[in-house]
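> what would the 3D arrangement of this be:
(one chain, ligands or ions: 1)
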Amino acid sequence: MKDTSKHQGLRNQLAKVLKAKGIIDKNVLSAVRKIPRHLFIDSSFESHAYQDKAFPIAAEQTISMPYTVAFQSQTLEVEPGEKVLEIGTGSGYQTAVLLELKAEVYSIERQRELFKKTSLFLPKLGYNPKRFIFGDGYIGLKEEAPFDKIIVTAGAPFVPKPLLSQLKVGGRLLIPVGDKTQIMTLFIRKSATAFEKHELGDFAFVPMLEEKN
Ligand code: SAH
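Numbering: from 1, shown residues only. Below you'll find the model as predicted:
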């Protein structure tokens, strides 16, 4: 688990690329400069870690491209101490960004292999979510609801109702919706019954699958 000045240089470069693509949130950019992304992927592919690309991790899943992580993190508008539910722990890179933003993170992963791997790995780097959950993101996490923010990092064929209902009034759910490609969709809860919906462009995610595996 080595992190060198060369890696730091590549991260600074990546933050510049993301800035040029429209990421303006200073805290998100400093998280990108800080988190050693090369440690989140297989060491033989280390050279790819700081390109703005998605990459295969275990269990046929991918680590989202840095721009996507930065865009989702910026759009969530996380404030320190907020309770955030993340669906799709994956490599844990997005989780680390949320923790750098000082959120209290609950992260759900349905693939046992990734759940195990990442829940051991992240604390070694000093990243400690409130909870790692091996479970199905379609049902959310009722016992810890309501959440200030909910972020889904897999492509959802539809918007799961439990996620909307587990949101605080004033809270935000950010979810890519669609089959082959997805429309990044932001719901802001205005009252017990009213949600404002914003569509924020096309993205490509691995599919959100039901139940545990
Ligand atoms: N944020 C992660 C993204 C990984 S890809 C990263 O950047 O590394 C999406 C992840 O969502 C995969 O790990 C996949 O196993 C997980 N996933 C898919 N369907 C899910 C579900 N219903 N509940 C929880 N996690 C799910």
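
> CA atoms for contacts and neighbours, from now on please.
Noted.

> quick check: residue 182 touching residue 176?
Yes. Counting by Cα atoms under 8 Å, residue 182 does reach residue 176; the two are 5.2 Å apart.

> shared neighbours of the two, which are they?
Shared contacts of residue 182 and residue 176, defined by Cα atoms under 8 Å, 6 or more residues apart in numbering, are found at 155-156, 203, 205.

> so which of those residues belong to strands?
The members of the shared contacts of residue 182 and residue 176 that map onto strands under DSSP state E are residue 203.

> which of residue 182 and residue 176 has more residues huddled nearby?
Neighbour tally, residue 182 and residue 176, criterion other Cα atoms under 10 Å: the higher count belongs to residue 176, 30 against 21.

> what about the helices in the protein?
5-20, 26-34, 66-76, 93-100, 112-124, 161-165 (DSSP state H).

> neighbours around the residue lying closest to residue 127 once chain neighbours are set aside, how many?
Leaving out its chain neighbours, the residue that sits closest to residue 127 by Cα to Cα, 6 or more residues apart in numbering is residue 96, at 6.2 Å. By other Cα under 10 Å, 27 other residues sit near residue 96.

> ok, back up a step: Throw the helices of the chain into a markdown table and include distance to residue 55 and mean pLDDT, thanks.
Shown next, in a markdown table, are these (distance: least, Cα to Cα, whole Å; pLDDT from 0 to 100):
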| stretch | distance to residue 55 | mean pLDDT |
| --- | --- | --- |
| helix 5-20 | 15 | 97 |
| helix 26-34 | 16 | 98 |
| helix 66-76 | 10 | 98 |
| helix 93-100 | 12 | 98 |
| helix 112-124 | 15 | 97 |
| helix 161-165 | 27 | 98 |
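
> highest mean neighbour count out of the ones you listed?
Of all those, helix 93-100 has the most neighbours on average by mean count of other Cα atoms under 10 Å, namely a mean of 24.

> ok, it near the ligand or not?
Yes. Contact of helix 93-100 with the ligand (Cα under 6 Å from any ligand atom) involves 93-94.

> tilt between that helix and helix 26-34?
Here the directions of helix 93-100 and helix 26-34 differ by 120 degrees (axes from the mean of the first three to the mean of the last three Cα atoms, to 10 degrees).

> which ones are touching the residue nearest to residue 127?
So residue 96 contacts 35, 122, 127 (Cα under 8 Å, 6+ apart).

> and the ligand, which of the residues you listed reach it?
With the criterion set as Cα under 6 Å from any ligand atom, no member of those is near the ligand.

> nearest to residue 58, of those?
Closest to residue 58 out of the contacts of residue 96 is residue 122 (15.1 Å), distances taken as Cα to Cα.
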